[in-house]
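> sequence and predicted structure, then a few things I'm wondering about:
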Amino acid sequence: MRDWVPKHFDFAGYIIGEHPQVFRYRDDLRRSLGYRPGECVCIVTVGGSGVGAHLIRRILQAFPLAHSKLPELRMILVAGPRIDPRSLDAPRGVEVHAFVPDLDRHLAVCDLALVQGGLTTCMELTAGGTPFLYFPLRNHFEQNFHVAYRLDRYNAGRRMDYATSTPETIAEAMVAALKQQVSFRPVESDGALRAARMLAEIL
């Protein structure tokens, strides 16, 4: 298959909605989004379904443990449209929002993100060079195989297993990710243009 596929398929590369390369300077963008100098911003987002509620609650249990080691840590939790923020009982120091406009910009300039294994969010984080932990849904083929394989190729993110990730484990992984130097492979910024050119040749 490795020999056969390149003979029958052309590859445009990844197509991202808006590549972080087009955003303003990181410090300016952070300031415009309301982030203060010196704070360590962690964003938690689980997408638009309600399936991430259990993951959110475990992360909220991990926050005080991580905060005790990183007093400058500020967590912003995006619950999405199907999880009631009032049901989460977030600890002090965590801001909970049902929706955050321009979330891709927040993901590009935050210091850490905790997400599920969705391809779009994970690749936005990869393109922005943002450290992140991701928790693929159990028995979700795309998140456990396709997305994980792609992230491995970009050397991006740290895969976590929800079933074995205690609040202590998550807190330790958060601190470690913030201390580790990022070495992601760059995400191509011309995927859409290359795809358009391929289509134009056919037409």
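Structure received. Numbering: from 1, shown residues only.

> what distance separates the lowest-mean-pLDDT helix or strand in the chain from the centre of its chain?
Ranking every helix and strand in the chain by mean pLDDT, DSSP states H and E puts helix 4-8 at the bottom, with a mean of 89. Remark: helix 4-8 is offset 32 Å from the chain centroid, using Cα atoms, centre = their mean, to the nearest Å.

> ok, stretch 143-162 next?
For stretch 143-162, the distance to the chain centre is 11 Å (Cα atoms, centre = their mean).

> run through who's touching that stretch.
The contact list for stretch 143-162, computed with Cβ atoms under 8 Å, 6 or more residues apart in numbering, reads 54-55, 58, 116-119, 122-123, 125-126, 131-138, 169-170, 173, 177, 183-185, 187. Glycine gets a C-beta too; all of them are placed from N, C-alpha and C.

> for PyMOL, what selects the buried ones among the residues you listed?
PyMOL command restricting those to the buried ones, with burial defined by 16 or more other Cβ atoms under 10 Å:
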select buried, resi 55+58+116+117+118+122+123+125+126+131+132+133+134+135+136+137+170+173+177+184+187
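
> just the ones of the contacts of stretch 143-162 in helices?
Among the contacts of stretch 143-162, the ones falling in helices (DSSP state H) are H54, L55, R58, L119, C122, M123, L125, T126, T169, I170, A173, A177.

> for stretch 27-36, what is the average pLDDT?
In this model, stretch 27-36 has a mean pLDDT of 93.

> just stretch 56-64 next, same as before
Mean predicted lDDT for stretch 56-64 stands at 98.

> number the residues from 13 up from this point.
Understood, numbering begins at 13; the last thing we discussed is stretch 68-76.

> for A204, what are its contacts?
By Cβ under 8 Å, 6+ apart, the neighbours of A204 are A24, I27.

> just the C-alpha atoms of the host helix or strand of it, please, in PDB.
If you go by DSSP states H and E, A204 is part of helix 203-214. In PDB, the C-alpha atoms belonging to helix 203-214 read as follows (Å, rounded to 0.1, in the frame of the first residue of the first chain):
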ATOM      1  CA  GLY A 203      -3.000  23.200   2.000                       C
ATOM      2  CA  ALA A 204      -6.100  24.900   0.700                       C
ATOM      3  CA  LEU A 205      -4.200  26.600  -2.100                       C
ATOM      4  CA  ARG A 206      -2.600  23.400  -3.100                       C
ATOM      5  CA  ALA A 207      -6.000  21.600  -3.100                       C
ATOM      6  CA  ALA A 208      -7.500  24.400  -5.200                       C
ATOM      7  CA  ARG A 209      -4.700  24.100  -7.800                       C
ATOM      8  CA  MET A 210      -5.200  20.300  -8.000                       C
ATOM      9  CA  LEU A 211      -8.900  20.800  -8.600                       C
ATOM     10  CA  ALA A 212      -8.200  23.500 -11.200                       C
ATOM     11  CA  GLU A 213      -6.000  21.100 -13.100                       C
ATOM     12  CA  ILE A 214      -8.800  18.600 -13.300                       C
END
